[in-house]
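In: no sequence on this one, just coordinates:
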C-alpha cells in the first residue's frame, strides 16, 4: 500500500513538472495567435554587454506618459493602456496604478521615476533572443537602422489581456533574422 502511495505521488510530481511549462507555452502561443499585434518604435540600444548573453536589448520611443498624478513609486507595476496610431504603431492611451474596467489592451510595465509631470516606465519585452552568431550583427543593424532616417525599425509585439509576447524585430519591413543574414553577406563581399 505504501509503494502504491509513493508511485502515485511520483506520477503526480511528474505531471506537475510537465504541466507548468506546458501552460506557459500555451499562454504565449495563445497570445501570438489571438492577441492584437502592435508595432513599437525602437530607439538606440545599449552597447554590447558580454555578460548578458545572446540577445539584443530594445528600448522604445514610448517610455513615458504625461500625467498630473505624481505619487508614483519607483519600481512599481503600472498598467499601460495602448492604442494604435494611423500607421499601426503603439501609443499610450492611458496609465493606471490598478487595472481599469475597460476592454483596451494593456501591458504591465515597471515604473522608474516621475519627472516634470511625466511617469517613466519600462516594458517587460525589452530583450529579443537570437542565435549567438547573429546577436552582435543584429544589434549593429538595429543601431544603424535607427540612425538612418529612411529605414524603419520596430518590435512586433502581440498583446492579449495582460500578456505580451515579443514576436520579432523588423528593420525596413524585413524580420531581423533575414536582415542580419543579408547584412552578414554584404560584409563578406566587402574586402
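Out: All right, it came through fine. The model shown is predicted, which means the values in this text are computed figures rather than measured ones.
In: what stretches of this structure score poorly on pLDDT?
Out: Within the chain, the segments meeting pLDDT under 70 span 1-5, 44-53, 187-191.
In: Can you tell me the SS state at the residue nearest the centre of it?
Out: Geometric centre of the chain, nearest residue: residue 125, 2.0 Å, by C-alpha atoms, centre = their mean. Per DSSP: H, G, I helix; E, B strand; the rest coil, the secondary structure class of residue 125 is coil.
In: Which strand residues bridge the closest residue in space to it that isn't next to it in sequence?
Out: Nearest residue to residue 125, sequence neighbours excluded (C-beta to C-beta, 6 or more residues apart in numbering): residue 166, at 4.0 Å. (C-beta placed from N, C-alpha, C; glycine too.) Note on residue 166: beta-bridge partners by DSSP bridges are residue 157.
In: how many other residues sit next to residue 166?
Out: By the measure other C-beta atoms under 10 Å, the count of residues near residue 166 is 18.
In: Go ahead and confirm it touches residue 155.
Out: Yes. Between residue 166 and residue 155 there is a contact at 5.8 Å, judged by C-beta atoms under 8 Å.
In: what residues do these two have in common as contacts?
Out: Counting by C-beta atoms under 8 Å, 6 or more residues apart in numbering, the contacts common to residue 166 and residue 155 are 58, 125, 128.
In: What is the nearest of those residues to residue 93?
Out: Proximity of the shared contacts of residue 166 and residue 155 to residue 93 (C-beta to C-beta) peaks at residue 125, which lies at 18.1 Å.
In: got a list of what the residue nearest to the centre of the chain touches?
Out: When contacts are counted by C-beta under 8 Å, 6+ apart, residue 125 touches 58, 155, 157, 164-166.
In: And residue 155, by the same measure?
Out: By C-beta under 8 Å, 6+ apart, residue 155 lies in contact with 39-40, 42, 58, 60, 125, 128, 166, 168-170.
In: again, but for residue 131
Out: Residues counted as contacts of residue 131 (C-beta under 8 Å, 6+ apart) are 54, 177.
In: Quick check: the gap between it and residue 32.
Out: Applying C-beta to C-beta, to the nearest Å, the value for residue 131 to residue 32 is 20 Å.
In: got a list of what the residue nearest to residue 125 touches?
Out: Residue 166 is in contact with 58, 125, 127-128, 155-157, counting by C-beta under 8 Å, 6+ apart.
In: swap the cut-off to 7 Å and go again
Out: Neighbour list for residue 166: 125, 128, 155, 157 [criterion: C-beta atoms under 7 Å, 6 or more residues apart in numbering].
In: Let's have these in CSV, adding distance to residue 21.
Out: Putting these into CSV (distance: C-beta to C-beta, whole Å) gives the following:
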residue, distance to residue 21
125, 19
128, 21
155, 25
157, 22
